[in-house]
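K.L.:
could you look at this predicted model? Sequence included:
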Amino acid sequence: MRKNRRQVRFAFLATIGSMFFGGFIAAIIVLSLLDPASPDLDLPRWAIVLSEALILLPLVFILQRRRLPLAATFRLRSVSPITLRDTVLIGLGVTVLIDELDRLAALIFPLPDHIARGMEFLTFTTPSEALLVVVGVVVIAPFVEEIVFRGFFQGQLESGYRDPTRAVLFSSLLFMVLHFNPWWALQIYLLGIILGYMAWRTGSIWPSFVVHAVNNSLALWFANAAEDSVSWYAPTGHVSLPWLLAAALMAYLGFRSLLVHNPEPLLSDN
């Protein structure tokens with residue numbers, strides 16, 4: 001029991017420490033390169049990518065010091081093409097449903113202007129900006145966050161708690177808190193639960209990475225699409241009923257097939 005408590009405590013400290021250390025080092029690098037005399041001190045897009053990538057460095061260092069196998073600890077186990085196909089369906093369906101939940105939540109808790117302005121880093125006007133944002137938001141950010149939260153952190157909690165439900169709920173809670181956005185808390189928490197369940201069920205972060213990447217891709221699309229160009233999807237500011245029904249069907253079919261091809265959860269190697 002004491003060993004299990006130590007493992008859970010280690011997971012919390014290592015995860016939170018890595019997140020803040022990565023952000024701190026990225027901030028130092030960015031501030032050293034910015035011109036303080038410049039009137040434009042907006043955070044450059046590459047800084048977002050850098051901060052995400054640096055999160056992994058202290059975590060890798062800690063695991064190597066403890067002689068823990070990185071691939072197993074990060075849940076980099078391969079999955080079948082059928083499972084990846086299922087996760088694409090789940091990703092498309094869940095992303096649309098959560099998008100509508102976000103639109104409904106905004107009716108009660110409107111996004112403040114300073115938060116909305118902070119999301120401008122998702123927009124781009126040149127090919128080089130587009131490449132940087134797409135790689136950072138659709139590939140690097142989901143990959144790093146899935147390794148940290150669903151691979152390392154949740155895996156450690158599953159071993160420490162001996163209770164996958166508790167591990168998924170706590171990993172999703174920390175995932176939500178460390179996004180520092182109370183206006184999206186419910187949506188992020190629900191997404192985290194879905195991602196955590198998929199990682200537990202398949203024993204791999206690749207399915208949750210796919211869903212996470214699909215979710216970020218839709219956010220990127222909306223950030224750069226003209227309002228009238230998405231009227232077919234959300235004609236009244238909310239996702240149309242046919243798309244909601246289609247999304248629910250895709251999520252259902254994806255999960256049903258996922259359970260058929262993964263009848264038993266694969267336990268964490270941690």
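P.N.:
Great, that's in hand.
K.L.:
just checking, F21 touches P58?
P.N.:
Yes. Between F21 and P58 there is a contact under Cβ atoms under 8 Å: 4.7 Å. For every residue, glycine as well, the C-beta is placed using N, CA and C.
K.L.:
okay, now the unreliable bits of the protein?
P.N.:
1-3, 30, 33-45, 118, 267-270 (pLDDT under 70).
K.L.:
at 80 what do you get?
P.N.:
Applying pLDDT under 80 to the chain flags the ranges 1-3, 23, 25-27, 29-52, 114-121, 226-228, 266-270.
K.L.:
helices of that one, start to end?
P.N.:
2-33, 45-54, 56-65, 70-73, 81-108, 113-118, 127-134, 141-145, 154-161, 164-177, 185-202, 206-224, 241-261 (DSSP state H).
K.L.:
just those: most buried one?
P.N.:
Counting by mean count of other Cβ atoms under 10 Å, helix 154-161 has the highest mean neighbour count of the helices of the chain, with a mean of 24.
K.L.:
list of residues touching that one?
P.N.:
4-5, 7-8, 10-11, 73, 75, 164, 166-168, 170-171, 196, 199-200, 267-270 (Cβ atoms under 8 Å, 6 or more residues apart in numbering).
K.L.:
residues near the residue lying closest to L111 once chain neighbours are set aside, how many?
P.N.:
Nearest non-adjacent residue to L111, counting by Cβ to Cβ, 6 or more residues apart in numbering: W183, 5.3 Å away. Neighbour count of W183, defined by other Cβ atoms under 10 Å: 17.
K.L.:
identify the residues contacting the closest residue to F74 other than its chain neighbours.
P.N.:
Using Cβ to Cβ, 6+ apart and skipping residues adjacent in sequence, the residue nearest F74 is G151, 4.0 Å away. Shown in contact with G151 (Cβ under 8 Å, 6+ apart): 73-76, 199, 205.
K.L.:
widest-spaced pair of those residues?
P.N.:
T73 and A199 (12.8 Å; Cβ to Cβ).
K.L.:
quick one, what contacts F180?
P.N.:
With Cβ under 8 Å, 6+ apart, F180 has no contacts at all.
K.L.:
distance check, it against I115.
P.N.:
Counting by Cβ to Cβ, to the nearest Å, the gap from F180 to I115 is 10 Å.
K.L.:
and for the two, which residues touch both?
P.N.:
Between them, F180 and I115 share no contacting residue, judged by Cβ under 8 Å, 6+ apart.
K.L.:
wait, I62 touches T15, no?
P.N.:
No. Using Cβ under 8 Å, I62 is not in contact with T15; the gap is 10.0 Å.
K.L.:
looking at it, M250 is touching T87, isn't it?
P.N.:
No. Using Cβ under 8 Å, M250 makes no contact with T87, being 11.2 Å away.
K.L.:
now Y197: closest residue in space, sequence neighbours ignored.
P.N.:
V168 (5.9 Å).
K.L.:
any idea how far the one you found lies from G155?
P.N.:
Applying Cβ to Cβ, the value for V168 to G155 is 11 Å.
K.L.:
not counting sequence-adjacent ones, nearest residue to L56?
P.N.:
Closest to L56 by Cβ to Cβ, 6+ apart is V144, at 5.8 Å.
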